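Peer 1: Predicted model and sequence below, questions to follow.
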Amino acid sequence: MTSGKKTKATRNSVAAARSSVVASKPKPWGTIIAVIAVLGLAAGVFGYAYSQIHANNVKEAALAKWKPTDTNKDPSTQLAGIVVKDYKGSRHVEPTQRVAYDQSPAFGGPHDAQWADCTGVVYDKAVRTENMVHGLEHGAVWIAYNPDQVKDDALAKLKTKVEGIPYMMLSPFPGLDKPISLQSWGHQLKVENADDERIDQFISSLLRNANTYPEVGASCENSQFLANPAPFVAEKPGADAVPMDGGKDDSQTQPQPQQNPSTPPSGTASTPPSS
């Protein structure tokens with residue numbers, strides 16, 4: 001009997017000891033905190049992604065009226081401050097010649113036979129106008145900025161609208177009378193700051209808008225020029241400059257460019273990048 005009582009007492013003692021160990025074992029707060037942190041991070045990433053998608057959708061909706069259609073071939077004409085002029089294409093000058101352009105920056109008229117590469121290029125230095133104008137003839141949009149007025153965050157915003165975007169190019173333009181000037185063939189818009197909503201509206205209306213530029217389907221790639229861009233000339237053209245109605249007319253001697261399969265059809269244009 002005594003042995004049985006001792007065994008029962010021993011069992012109770014062991015059970016009590018185990019309960020004491022379990023009760024005194026600390027909670028895994030490190031693991032709990034780590035799990036909470038991971039869940040919080042996941043929620044933050046999801047929330048950010050959702051906000052970005054929502055912002056892009058809102059932007060797309062706002063730009064809908066600035067996309068060319070069969071009934072609205074050039075929406076840019078509704079932009080406040082837009083300048084529109086009619087220029088004849090395919091008039092070329094020699095690399096050593098200057099053109100007496102009627103606008104600054106120029107957005108049409110005679111130009112160099114070599115076009116500036118406009119495959120989403122951000123030029124760090126100013127580029128010869130005669131080459132940039134040829135890029136416009138191929139359907140590009142050129143954003144020029146005054147390097148004394150546009151810097152840091154403002155310049156970064158402009159770069160996001162251009163870098164890696166086909167048929168876009170950005171370059172400084174010393175002496176520009178406004179902080180920012182946008183050019184497409186026959187069109188120009190000058191604005192005061194990089195947050196102006198008309199920048200995206202201009203791009204949406206005119207980037208590769210087949211209704212507004214002469215050489216639909218022409219390439220913007222020119223690796224030879226990109227490797228050694230022709231430098232900007234600050235001095236005004238002299239008396240020997242080619243007039244706006246001058247230049248060699250190559251419209252009949254050069255073959256028409258082939259339609260690029262990626263070129264938007266008439267009545268459409270590319271959507272400007274998110275910024």
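Peer 2: Nice, thanks for sending it over.

Peer 1: where are the low-confidence patches of the stretch 101-250 of the chain?
Peer 2: Within the stretch 101-250 of the chain, no range satisfies pLDDT under 70.

Peer 1: Now do the strands in it.
Peer 2: 111-112, 119-122, 141-145, 168-172, 180-184, 187-191, 248-249 (DSSP state E, counting those that start in this stretch).

Peer 1: what about the residue nearest the centre of the chain, distance to residue 201?
Peer 2: Residue closest to the mean C-alpha point of the chain, counted by Cα atoms, centre = their mean, is residue 161 at 2.1 Å. As judged by Cβ to Cβ, to the nearest Å, residue 161 and residue 201 stand 12 Å apart. No exception for glycine: its C-beta is placed from N, CA and C like everyone else's.

Peer 1: returning to what we had before: switch the strands of the stretch 101-250 of the chain over to CSV; also include mean neighbour count.
Peer 2: Shown next, in CSV, are the strands of the stretch 101-250 of the chain (neighbours: other Cβ atoms under 10 Å):
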stretch, mean neighbour count
strand 111-112, 26
strand 119-122, 19
strand 141-145, 27
strand 168-172, 23
strand 180-184, 26
strand 187-191, 22
strand 248-249, 14
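
Peer 1: now for the ones you listed, which one comes closest to residue 226?
Peer 2: strand 119-122 (6.6 Å; Cβ to Cβ).

Peer 1: What is that closest one packed up against?
Peer 2: Packing partners of strand 119-122 (3 or more Cβ pairs under 8 Å, 6 or more residues apart in numbering; DSSP states H and E): strand 168-172.

Peer 1: how about 10 Å then?
Peer 2: helix 152-160, strand 168-172, helix 223-227 (3 or more Cβ pairs under 10 Å, 6 or more residues apart in numbering; DSSP states H and E).

Peer 1: Dump the ones you listed to TSV, plus distance to residue 42.
Peer 2: Formatted as TSV, the helices and strands packed on strand 119-122 follow (distance: least, Cβ to Cβ, whole Å):
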stretch	distance to residue 42
helix 152-160	27
strand 168-172	35
helix 223-227	42
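
Peer 1: Count residues in the vicinity of residue 148, would you?
Peer 2: Per other Cβ atoms under 10 Å, the neighbour tally for residue 148 reads 11.
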